[in-house]
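1. just a sequence and a predicted model for now, questions to come.
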Amino acid sequence: MQAYIIRRLLALVPTLFFASLIVFVTVRMIPGDVIDLMLSQNDIAAAKLGREQLEKALGLDQPMWIQYWRWVGAILFHGDFGNSLWQNTPVREHLLARLPVTFELGLMALIVGLSVAIPIGVYSAVRQDTPGDYVARSFSILMLAVPSFWLGTMVMVFPSIWWGWSPPIQFVPFAKDPIGNLSQMIIPSIILGCALSAITMRLTRTMMLEVLRQDFIRTAWAKGLGEKLIVARHALRNALIPVVTLIGLQAPLLIGGAVIMEQIFVIPGMGLLLLDAVSQRDYPVITGVFLVVGVAVMFINLLVDLSYGLLDPKVRYR
Amino acid sequence: MAQPLLSVRNLSTRFRTERGTVRAVDGVSFDVAAGETLAIVGESGSGKSVTALSILRLIPDPPGKIEEGEILFDGQDLLKLDDVGIRAIRGNRIAMIFQEPMSSLNPALTVGMQVGEPVNLHRKSSWAKALDKAAELLGKVRIPDGRSRLNSYPHQYSGGMRQRVMIAMALACQPQLIIADEPTTALDVTVQAQILALLKELTREANSAMILITHDLGVVARYADRVVVMYGGRIIETASARELYKSPRHPYTLGLMASVPRLDGDTERPLVPIDGQPPDLATLPPGCAFAPRCRQATDRCRSERPPLVESAPHHFSACFFHDRLAA
């Protein structure tokens, strides 16, 4: 098990290398140039800084591969993600401030998503082709069809028109006011969680139906077990193995969705940071965010692989 | 004669399919006495497995349904019990062993838990006690080192070992009746004999009755007291095992015997297969179901269904020519 984890972590090194390379190069290939943007700003133009001077000051005059090695070297040896091109503040501080917020949103959405998807998926399978099953499946299709940005916007707009109420937009950190923070995060979490739950629910239902047809379920009936025990003890664990895989695959989706939710509900997470950085072509910030997201996705998938061992006794880590 | 342990009366189980209603079991009646081993023999699709599943009401509904009949177990009609009532019988007083030991055990649960589960459920024992019992049961079915094997999983076992686990599970609550649905079909030939001998020994030891479902007449000869031969969802012949071997009174039974190799007889004699295919239960002919494959069939066989009649004492046959066959 330990050796397995170490090997998996080592395997992350080449993955991260290529991911960082792609992130670094593609960001600089976005049409539009940070220097053009800066020169169009009045205060810089007033300082009469020329294009060459600006490029030199920001280190953008070097060939791209030197820029890359400087960037990677600083991260590896100093944990330094560089400075924001605009604010000249360390990217690391931005990330550290924003990361927990997005993490909280993602985690809450995941909890909401799973606690909606798994019970409903199981119910839907056990009561296949009953009205309850149809309602659950319709809900799933609806959630799949309705984009979360639209739902988020509706929740922002209509309650304020009808009841003069809208979700709070003044962000309070969890450490300062847990209840205020949670009441603010819960709405975007539910919207995001429901979007995630749609596919998970369908898969849970399909897998449950598959497992309930297996011979060992008939064995369980022949032993005299009741339906609840059969579902909970004999079927669920076998049905959840592919569902866990799906959760891992949905991790990038979760982060992408969080970016959108942060924008709508004005939550100062990484999504908002990224969006601002992209529109300003703030390369170090963009690459920093991408790198952190990439690492997060890789770790989630490692956790998913490890959790197979808990569900499926055939999986042995060697 | 004392009241039989199990008395199946006029059982009919049907399946609704796209091609119409299939009478998988049609008016089947038989008794099982306490401690007795009854074999139900027939080809695939003869209705023998459906009969077995019907006894414990394990037929998936839909599409299946037990349409009529009585299944009297210890004087109690199992078909009239409510959900809780039948669950108290299953695994407790009647246990079942299935054909596929590979897929009939839960891959995600330990062997100990699966064997101890009926004890925990029906005897209301704590899990610790149920696992003690499971270790004892594994020893009984000759799985060496049972205690340390409680925590292993089915995939770590061979096919024969898994079927031993299934037997241990079935014996857990000392049932009065064990239904074994082709318990050795999926196993290697060398393991088959071991498993059957073990099953027979343990049922005798516990004084349990057994319904042994098989398509192998060789198995029947060694292990069964009485035999029911099924064809097309009906019983076509029933007798004591000895009597059936000595003088079969149905052409289908004769055909089955001619198609089984015998080491004690003339080994030079070629095997004779039964021509044709098993009947399609959705479109059974009006007469005898076996008539299309029967060499002796007459026009009467094709238009009129022969009733099951007592041809000799305790020997029933559903053939118009049962007397002639015996001669």
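-> In hand now; what should we look at?

2. got the buried residues for stretch B:144-160?
-> Judged by neighbour count (16 or more other CB atoms under 10 Å in any protein chain shown), stretch B:144-160 contains these buried residues: B:Gly146, B:Arg149, B:Leu150, B:Ser152, B:Tyr153, B:Pro154, B:Tyr157, B:Gly159, B:Gly160. Using the backbone N, CA and C atoms, a C-beta is placed for each residue, glycine as well.

3. tell me the spatial nearest neighbour of the fifth one, not counting adjacent residues.
-> Looking back up the chat, that one is B:Tyr153. A:Pro313 (4.2 Å; CB to CB, 6 or more residues apart in numbering or on different chains).

4. and chain B, which residues reach chain A?
-> Residues of chain B lying close to chain A by CB under 8 Å from any CB of the partner chain are B:56, B:58, B:87-92, B:95-96, B:98, B:100, B:103-110, B:117-118, B:121-122, B:153, B:155, B:166, B:169.

5. got a quick ChimeraX command for the buried subset of the residues you listed?
-> Typed into ChimeraX, the line below selects the buried ones among those, using 16+ other CB under 10 Å:
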select /B:56,58,87,89,90,91,92,95,96,98,100,103,104,105,106,107,108,109,110,117,118,121,122,153,166,169
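
6. now, the residues of chain B next to chain A that are in helices?
-> B:Arg87, B:Ala88, B:Ile89, B:Glu117, B:Pro118, B:Leu121, B:His122, B:Met166, B:Met169 (DSSP state H).

7. so the first one makes contact with A:Gly224?
-> Yes: under the criterion of CB atoms under 8 Å, B:Arg87 makes contact with A:Gly224 at 4.5 Å.

8. quickly list the domain ranges of chain B.
-> B:6-93+B:174-326, B:107-172 (automatic domain parsing).

9. can I get these in a markdown table including distance to A:Asp36 and mean pLDDT?
-> Compiled in a markdown table, those are given as follows (distance: least, CB to CB, whole Å; pLDDT from 0 to 100):
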| stretch | distance to A:Asp36 | mean pLDDT |
| --- | --- | --- |
| domain B:6-93+B:174-326 | 69 | 85 |
| domain B:107-172 | 60 | 87 |
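
10. ranges for the helices of chain A?
-> Per DSSP H, chain A carries helices over the ranges A:2-28, A:34-40, A:42-46, A:51-58, A:64-78, A:91-126, A:131-145, A:148-163, A:178-212, A:215-222, A:227-229, A:236-265, A:270-280, A:283-311.

11. on the three-state scheme, B:Asp26 is what?
-> Under DSSP: H, G, I helix; E, B strand; the rest coil, the three-state class of B:Asp26 is strand.

12. what's the distance between B:Pro285 and chain A?
-> 32 Å (CB to the nearest CB, to the nearest Å).

13. so which residue of the stretch 1-150 of chain A comes closest to chain B?
-> A:Asp129 (9.5 Å; CB to the nearest CB).

14. which parts of stretch A:232-242 are buried?
-> A:Arg233, A:His234, A:Ala235, A:Leu236, A:Arg237, A:Asn238, A:Ala239, A:Leu240, A:Ile241.

15. list the contacts of the closest residue to the third one other than its chain neighbours.
-> Spatial nearest neighbour of A:Ala235, chain neighbours left out: A:Val211 (4.7 Å); criterion: CB to CB, 6+ apart. Shown in contact with A:Val211 (CB atoms under 8 Å, 6 or more residues apart in numbering or on different chains): A:Ile217, A:Ala235, A:Asn238, A:Ala239.

16. show me which pair in those is furthest apart.
-> A:Ile217 and A:Ala239 (10.7 Å; CB to CB).

17. which residues touch stretch B:290-308?
-> Identification of contacts with stretch B:290-308 by CB under 8 Å, 6+ apart yields B:231-232, B:234-236, B:238, B:250-252, B:255, B:274-277, B:279, B:285-288, B:316-321.

18. that stretch: end-to-end distance?
-> 14 Å (CA to CA, to the nearest Å).

19. can you check stretch B:66-84 too?
-> 18 Å.

20. and residue 32, what are its phi and psi?
-> No chain specified, so I'll use chain A. phi 90, psi 150 (degrees, to the nearest 10).

21. think we crossed wires, I meant chain B
-> Torsion angles, degrees, to the nearest 10, at B:Val32: phi -130, psi 120.

22. so it sits against B:Leu6, correct?
-> Yes: using CB under 8 Å, B:Val32 is in contact with B:Leu6, at 4.2 Å.

23. common neighbours of the two, please.
-> Common neighbours of B:Val32 and B:Leu6 (CB under 8 Å, 6+ apart) are B:Leu177, B:Ala209, B:Ile211.

24. any chance of the residues you listed in JSON lines with secondary structure as columns?
-> Output for the shared contacts of B:Val32 and B:Leu6, formatted as JSON lines (three-state DSSP):
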{"residue": "B:Leu177", "secondary structure": "strand"}
{"residue": "B:Ala209", "secondary structure": "strand"}
{"residue": "B:Ile211", "secondary structure": "strand"}
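
25. closest to chain A out of these?
-> For the shared contacts of B:Val32 and B:Leu6, the nearest to chain A is B:Leu177 (12.4 Å; CB to the nearest CB).

26. for residue 234, what are its contacts?
-> In the absence of a named chain, chain A is used. A:His234 sits next to A:Phe216, A:Ile217, A:Ala220, A:Leu225, B:Asn106, B:Leu109 when contact means CB under 8 Å, 6+ apart.

27. ah, I was thinking of chain B
-> Shown in contact with B:Arg234 (CB under 8 Å, 6+ apart): B:Asp26, B:Gly27, B:Val28, B:Gly47, B:Ala289, B:Leu308, B:Ala318.

28. what is the burial count for the third one?
-> B:Val28 is surrounded by 24 other residues when neighbours are defined as other CB atoms under 10 Å in any protein chain shown.

29. right, and it touches B:Gly42 too?
-> No: using CB under 8 Å, B:Val28 is not in contact with B:Gly42; the gap is 11.1 Å.

30. spit out the residues that contact the two alike.
-> B:Met230.

31. so how far is chain A from the closest residue to B:Gly20 other than its chain neighbours?
-> Spatially, and ignoring its direct neighbours in sequence, B:Gly20 is nearest to B:Ala282 (5.3 Å; CB to CB, 6+ apart). As judged by CB to the nearest CB, B:Ala282 and chain A stand 22 Å apart.

32. chain neighbours aside, what residue packs nearest to the most centrally placed residue in chain A?
-> Nearest residue to the geometric centre of chain A (CA atoms, centre = their mean): A:Ile255, 2.1 Å. Take A:Ile255 and drop its neighbours on the chain: the residue closest to it by CB to CB, 6+ apart is A:Val293, 5.5 Å away.

33. that older thread, the residue nearest to B:Gly20 in helix, strand or coil?
-> Three-state call for B:Ala282 (three-state DSSP): helix.

34. contact partners for it?
-> Contacts of B:Ala282 (CB under 8 Å, 6+ apart): B:Thr17, B:Arg19, B:Gly20, B:Thr21, B:Val22.

35. do I have it right that the last one meets B:Thr283?
-> No: with contact defined as CB under 8 Å, B:Val22 does not count as touching B:Thr283 (9.4 Å).

36. tell me which of those two has more neighbours.
-> Neighbours were counted for B:Val22 and for B:Thr283 using other CB under 10 Å; B:Val22 has more, 23 against 9.

37. distance from the chain centre to the helix or strand hosting that one, please.
-> If you go by DSSP states H and E, B:Val22 is part of strand B:20-32. Averaging C-alpha coordinates over strand B:20-32 and over its chain gives two centres that are 14 Å apart (CA atoms, centre = their mean, to the nearest Å).

38. then stretch B:25-34?
-> 11 Å.

39. could you list the residues in contact with that stretch?
-> B:2, B:4-13, B:38, B:47, B:50-51, B:54, B:69, B:176-177, B:207, B:209, B:211, B:228, B:230, B:232-235, B:238.

40. flag every buried residue along it.
-> Neighbour-count burial for stretch B:25-34 [16+ other CB under 10 Å]: B:Val25, B:Asp26, B:Val28, B:Ser29, B:Phe30, B:Asp31, B:Val32, B:Ala33.
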